[in-house]
Structure formats: C-alpha cells, structure tokens
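**Student:** Provided below are the primary sequence and the corresponding predicted coordinates.
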Amino acid sequence: MSEENENITRLYLDGKEFILIGTVHVSKHSAEQVKEVIESERPDSVCIELDEQRYQTVTEGNKWKDTDIFKILKEKKATLLLINLVISSFQKRIARQFGINAGQEMIQGIESAKEIGANLVLADRNIQITFSRIWHSVGLWGKVRLITEIILSIFSNESITEEELKKLKSQDMLNSILNDFTRSFPKLKLPLIDERDQYLAQKIKEAPGNKVVAVLGAAHVPGIKEEIYKEHDLAALSQLPAKSKVPMIIGWTIPILILALIVYTFILNPSVGAQQSMSWVLWTGTFAALGTAIAFGHPLSVLTAFVVAPITTLHPLIAAGWFAGLTQAYIRRPSVRDFENLSEDVFSIKGFWNNKVTRILLIVTSANLGGSIGTLIGGADVVRLFIKNL
C-alpha cells in the first residue's frame, strides 16, 4: 500500500512505515521540507543518499588538509580523484549561479536526525564501487568518451539555463552529468541507476525501527518504490567487477610482439632494427612528454615522462604518468593551502591548472593518455618498418 503527497511517498511493508522524500539537489525548498518532515514524523531512522566517503566530505570540510598526494598516486587513484573533483565543480557551479547550496537537503537530514535522536543510515553504495562498475561496463572506447564528456561538461563556460535546471530537479547530480552518455551507452544505466535503486531500497528496508524517513534524489523514488518489495543482496551489489583477463593478455601481447619484431629485425638488419628502436622511443616518449607539457608540468616532469615512457609502455602494470606525477609532486609539493583552495579552484580551467593538487592529477592523466597515443603510433611504425624490410 502506498500514499503519495507531492514530493513525499509513504510505503508500508511488514509492519514498518517508510516515508520517502524526493528531494531536489539544487533547491532550498527541499532542505526545508526535509527538516519539516523529520521533525513532525520523528522517525526511528533517517536514511540519506550518501555513502561513507561523501558523508565525510559533507561533514569534514577541511579533510583535504590531511590528503597524502603521494599515497593517491601510488594507489593509482589519481584519475578517480580527478573525476570526483570535476563532478564537485559542476555541483558548485550550479550552486553559485543560482545562489543555492547543492546537497543542503542531505546536510539537513543529518542535522535533523541528530536533533531528534534518530539512527542515521548512510544508504547509498560506495561511489568508488559505482564508478568501478561503470568503468567496467563501457569498454575501452567508452572509457575515453566518458572521461571526455565529463570534463567537457564541467569545463564548459556556458551558464546553466532554467530548462536545464528543471532537468536537474528530476535527477541526482551524478545522473544529470552522465545522462547524455547513458543514452549513448544503455549499459551504463544498470550500475548508475538500477543497481543504486536496489541498494538504496534494501538499506532503507533494513533500517532500524518501525518508522523510517529516507532523503533521496527525486530520480530514485520511482525505482525504490518497486525495488523495496524485493530482496537484494548488498554484498553482491558491492562487489568490484571481476577483472577480465583479456586486457591483461593484450597488455602483455602487444609489448612482447613489438620487442620480438625489433629483436628479429636487428638480427636480419641491424640498421633497420635501430630505426625501429628509435621510432619507438621518439613516438612514446614525445607524446607522453607532450601530455605532461600540456598540463603545464615542470620541465623535469616533462623529461621524466619522455625518459620512462618507452619502458613503461612496454609494461602493462606501470605508466609514464605515475612517474611524471611523482616527479611533479616532489618538485612542486602541494601545500595545505592548495588543498584548502580546491573547493574554489575547481570552478574553472584556470583553477584546475594553477592548483598544485589538480595540476598533478592532470599531469598523470595527460601523460598516460599521451603515452597510449604514442604506443599506437610507435607500434604501427615498428610494424611498418618490419614489413617494409622483409
């Protein structure tokens, strides 16, 4: 049985009452409504559409001060952090344009739950797991398009129109950014929307007490209304996708093939083998260095990318960008102020390039992308020289 009233949906299941508040992430009214409903209903539990990582971001605004940039680079999380930052910039750009505080309804839900002594339940799936499952579902070309579309949408200087704002009012922020991409890649809908609906529904259903209020983005309410009557395995929904052996096989096969061609050519014709080697070094090194330079890396970081790229491109487990990023971090180590200024610097391309933290992340990503392009061109040239001199 269900009963609906504007943005509020009431569901009854197994003797428990669930009150779903469909909020707008860019609306002042939503925060006021969350406060009103929680104070009047006084539920046993309040569920909010946040995971532990985003909860800490909301409640610990100065947490960036404790970030270890070297740890991020060594754990290969630079690209993930960069994506999180550009999504954050999108949220804040909307908030600044319309004079609102994006995510205020979630903050209000946290505060109101504490005020009435209700259990606070972080009901959303870990964002890193969601990104990992998205990453796994789109394929190689999809990964390139995904990163490109996210960055282009964030760095756009165009203002958000009233029509676009209305669209945001029926989607959560992550969905809104990836909405167009979802139409191009239907498989993206499963990890981004459907699985999160299932996860949220199960967490809400398992929340302690007989009365539960859930603060949710309006886009999730229809799915949760259906999924809450089903049983979902949270452990299965939280699993990182199994890594396919195919990329690893390809990652090792290509370098081995290139090395074999060069060695065999050296045996047949040393001068041509030397040309192949030089071609490989120049193409991979130049493009990795170019990627680093485009991100305005320090000259030593550019040099590092050039030197290591011919070697790292032959090993699927290491990348030129990591070395270039580490070099940049040692030479231009981010200060506490750089981390404190992230919230403002992510508003613009200039801020991304000027902040030492985002500069390092951009260097890692750009150098790796450049190295990959150089690998394709250099590998093709090695094959060309081999065939030409058969």
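**Tutor:** Yes, it's here.
**Student:** Contacts for the helix or strand containing Leu20 next, please.
**Tutor:** For Leu20, the host element (DSSP states H and E) is strand 16-23. With contact meaning Cβ atoms under 8 Å, 6 or more residues apart in numbering, strand 16-23 is reached by 7-12, 30-31, 33-34, 37, 41, 43, 105, 204-205, 209-218, 220-221, 224-225, 228. (C-beta placed from N, C-alpha, C; glycine too.)
**Student:** Distance check, Trp280 against Leu259.
**Tutor:** 9 Å (Cβ to Cβ, to the nearest Å).
**Student:** of the two, who's got more company?
**Tutor:** Counting neighbours by other Cβ atoms under 10 Å for Trp280 and for Leu259 shows that Trp280 has the greater number, 25 against 13.
**Student:** After the helix or strand containing the more buried one, which helix or strand is next? Please name it.
**Tutor:** Element membership for Trp280, per DSSP H and E: helix 270-294. Downstream of helix 270-294, the next assigned helix or strand under DSSP H and E is helix 299-312.
**Student:** element containing Thr9, please.
**Tutor:** strand 8-13.
**Student:** Show me which residues of that strand are buried.
**Tutor:** Neighbour counts over strand 8-13 (16 or more other Cβ atoms under 10 Å) mark Ile8, Thr9, Leu11 as buried.
**Student:** Give me the distance between the residue nearest to Leu190 when sequence neighbours are not counted and Asp194.
**Tutor:** Nearest-residue entry for Leu190: Ser137, 6.9 Å, with adjacent residues in sequence omitted and distances by Cβ to Cβ, 6 or more residues apart in numbering. Using Cβ to Cβ, one gets 12 Å for the distance from Ser137 to Asp194.
**Student:** neighbour count winner among those two?
**Tutor:** Set side by side, Ser137 and Asp194 show more neighbours around Ser137, with 17 against 12, by other Cβ under 10 Å.
**Student:** Just say helix, strand or coil for the more buried one.
**Tutor:** Following DSSP: H, G, I helix; E, B strand; the rest coil, Ser137 is assigned to helix.
**Student:** Can you show me the helices along the stretch 101-250 of the chain?
**Tutor:** Secondary structure of the stretch 101-250 of the chain by DSSP state H, counting those that start in this stretch: the helices cover 104-116, 127-155, 162-168, 173-184, 189, 195-205, 221-227, 234-237, 245-268.
**Student:** residues contacting Val281?
**Tutor:** Here Val281 is in contact with Pro310 (Cβ under 8 Å, 6+ apart).
**Student:** Let's have the buried residues of strand 8-13 in TSV, adding distance to Asn119 and pLDDT.
**Tutor:** Below are these laid out as TSV (distance: Cβ to Cβ, whole Å; pLDDT from 0 to 100):
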residue	distance to Asn119	pLDDT
Ile8	20	90
Thr9	20	92
Leu11	18	95
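**Student:** Please identify which of those residues is nearest to Arg337.
**Tutor:** Each of the buried residues of strand 8-13 was scored against Arg337 by Cβ to Cβ, and Ile8 proved nearest at 43.7 Å.
**Student:** measure the nearest residue to that closest one once chain neighbours are set aside to Ile224 for me?
**Tutor:** Closest residue in space to Ile8, ignoring its immediate chain neighbours: Ile21 at 5.9 Å, by Cβ to Cβ, 6+ apart. Counting by Cβ to Cβ, the gap between Ile21 and Ile224 amounts to 11 Å.
**Student:** can you list residues touching both of these two?
**Tutor:** Shared contacts of Ile21 and Ile224 (Cβ under 8 Å, 6+ apart): Ala214, Leu216.
**Student:** Alright, I will stop here.
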